[in-house]
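J.: based on what follows, work out the 3D shape:
(one chain, ligands or ions: 2)
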Amino acid sequence: MKVDRRDRYRRAGPFPERHRTVVTGGAGFIGSHLCDRLLQRGDSVICVDVLQTGSMDNIRALLNHPKFAFQRHDVREPLAVSGPVDRIYNLACPASPIHYQRDPIGTLKTCVLGAANLLELANAKGSRILQASTSEVYGDPEIHPQPEAYVGHVNPIGPRACYDEGKRAAEALFFDYRRTHEVAIKVARIFNTYGPRMLEEDGRVVSNFIVQALRGEPITIYGSGAQTRSFCFIDDLVAGLELLMESPETVTGPCNLGNPEETSVEEIARRILALTGSRSGIDLRPLPQDDPKRRRPVIDRAAETLGWTPKIRLEDGLRETIAYFSLRVGQRKDEVNVANIESARARRRSPRSHDVERAHT
Ligand code: NAD
Ligand code: UDP
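T.: Numbers count the residues shown, from 1 in each chain. Ligands and ions are numbered 1, 2, ... in the order given. Okay, the predicted model is just below:
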């Protein structure tokens, strides 16, 4: 039987209960995919966002859905929601270095005040709450790969501190609300995630390189390009978030969610140039301060407690992301765009993908 790739985790994790769920940052890249998924499984979703780095475009298709509501709100202020709330996913925070460093004081407040306000809501409503934490809590790691037990190597006064330390403080608040008020918490440490609905001007490496390649502009490699990241496709990540949220209450995390396939920035550039057929050159730029040199998650905890491992290969995820940006960038339509979309679709239907799906259902 043929199985659509997007059914993979739905079939692997049947969650019969329907919840009333708040998603903060729900108009952002990850948040909008999460809203899609929760609605698909029958939840009612209240999407809360101040539209700083998110976009109404990401959730426009959901606005007429009877179980979807959008609330424009800044999580730095207390959030009032009438009626019961079963689940809260706290994703509100700019995630790209150029965006979170633009207003660093605002970012730190979003991390800390946002977490405190949502934990208060969870405590008042008896909700389960999940924090979108980050691999940045490990800073520029001294051990490799990074397990959850590693306490990190973060510069507390550098330009990334507003985000890194903000997310670390948010984790501390989550565990203190559990110890003090017995709030049912979940902490996901998300590693670099990519896919459709990233902003064209997002500034992160995958979206930057794809947009540059499609426009025929130079690919901006910061530093030598030898630094590494491990890239997880959005569908895999959203499945992991849902599995963590629905895991037994004793499972609090922190739990790494990411793809352990490690790739250098130079290699990512090379692959994107090949997949787009672009003739863009390379523009070497200075490495930003405190840019982590290596990053790869240990995902044993997610594998053992959630039964989660990422399924989507980098090449397939890149093809799908390129197909998305091809339509938005709107260049070389006849060549790159159509070819990429067709090959992304074909890969979704390929026998190899179905074999992988069956192995996990
Ligand atoms: P994103 O920038 O696309 O989404 C963040 C959303 O939060 C946006 O819609 C933005 O408008 C909203 N937001 C920001 N400040 C807000 C505030 N004060 N009040 C209400 N809404 C606010 O980023 P993303 O990649 O979707 O990341 C989502 C979450 O996941 C973030 O918390 C981020 O730290 C975390 N995360 C993401 C990655 C990744 O690779 N994408 C990695 C680690 C952690
Ligand atoms: N990077 C790059 N060129 C770009 C954007 C990013 O070389 O146009 C590098 C960046 O210096 C870092 C890596 O790619 O080493 C990942 O950067 P990103 O901003 O995507 O995520 P983060 O640094 O937060 O992991």
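J.: what's next to the helix or strand hosting residue 168, contact-wise?
T.: Using DSSP states H and E, residue 168 sits in helix 161-181. The contact list for helix 161-181, computed with CB atoms under 8 Å, 6 or more residues apart in numbering, reads 90, 93, 97, 100-101, 104-105, 107-108, 110-112, 114-116, 119, 122-123, 129, 131, 133-134, 136-137, 139, 152, 154-156, 183-185, 187, 252, 254. Backbone N, C-alpha and C define where each C-beta goes, glycine included.
J.: just how off-centre is the helix or strand just after that helix within its chain?
T.: Per DSSP H and E, helix 161-181 leads on to strand 184-190 as the next helix or strand towards the C-terminus. Here strand 184-190 is found 13 Å from its chain centre; the criterion is CA atoms, centre = their mean, to the nearest Å.
J.: so which elements touch the helix or strand that strand 184-190 is followed by?
T.: Next along the chain after strand 184-190, taking DSSP H and E as the criterion, comes strand 193-194. The helices and strands touching strand 193-194, judged by 3 or more CB pairs under 8 Å, 6 or more residues apart in numbering; DSSP states H and E, are strand 232-233, helix 234-245, helix 314-329.
J.: helix or strand right after strand 193-194?
T.: Counting by DSSP H and E, what follows strand 193-194 is helix 205-215.
J.: and ligand 1, is that next one touching that?
T.: No: between helix 205-215 and ligand 1, judged by CB under 6 Å from any ligand atom, nothing touches; the nearest distance is 9.1 Å.
J.: which residues touch that helix?
T.: The contact list for helix 205-215 (CB under 8 Å, 6+ apart) reads 192, 194, 198-200, 202, 217-220, 229, 231, 265, 268-269, 272-273, 276, 278, 280, 318, 321-322, 325-326, 329, 331-332, 336.
J.: the contacts of helix 161-181 in strands, which ones?
T.: Judged by DSSP state E, the contacts of helix 161-181 include 90, 129, 131, 133, 134, 184, 185, 187 as members of strands.
J.: surely residue 190 meets residue 254?
T.: No: counting by CB atoms under 8 Å, residue 254 is not a contact partner of residue 190; they are 10.5 Å apart.
J.: those two - which one has more neighbours?
T.: Between residue 190 and residue 254, residue 190 has the larger neighbour count (other CB atoms under 10 Å), namely 24 against 19.
J.: what sits opposite the more buried one in the beta ladder?
T.: On the basis of DSSP bridges, residue 190 is bridged to residue 134, residue 257.
J.: got the contact list for it?
T.: Neighbouring residues of residue 190 by CB under 8 Å, 6+ apart: 30, 132, 133, 134, 135, 232, 237, 257, 258.
J.: same deal with residue 69?
T.: Each residue near residue 69 by CB under 8 Å, 6+ apart is listed here: 44, 45, 46, 47.
J.: if we go to 10 Å?
T.: Counting by CB atoms under 10 Å, 6 or more residues apart in numbering, residue 69 touches 22, 44, 45, 46, 47, 48, 62, 63, 81.
J.: so it is in which element?
T.: Element membership of residue 69, judged by DSSP H and E, is strand 68-72.
J.: how far is that strand from where the chain is centred?
T.: Here strand 68-72 is found 20 Å from its chain centre; the criterion is CA atoms, centre = their mean.
J.: pLDDT weak spots in the protein?
T.: By pLDDT under 70, the low-scoring segments of the chain are 1-14, 331-361.
J.: interface residues of it facing ligand 2?
T.: Residues of the chain lying near ligand 2 by CB under 6 Å from any ligand atom: 96-97, 192, 204-205, 208, 220-222, 227, 229, 265, 288, 291.
J.: please, a ChimeraX command that selects the buried ones among those?
T.: Selection of buried members from the residues of the chain next to ligand 2 for ChimeraX, criterion 16 or more other CB atoms under 10 Å:
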select :96,97,192,204,205,208,221,222,227,229,265
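J.: ok so, going back, only the buried members of the contacts of helix 161-181: can you turn that into a ChimeraX selection?
T.: Selecting only the buried entries of the contacts of helix 161-181 in ChimeraX, with 16+ other CB under 10 Å as the criterion:
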select :90,93,97,100,101,107,108,110,111,112,114,115,116,119,122,129,131,133,134,136,137,139,152,154,183,184,185,187,252,254
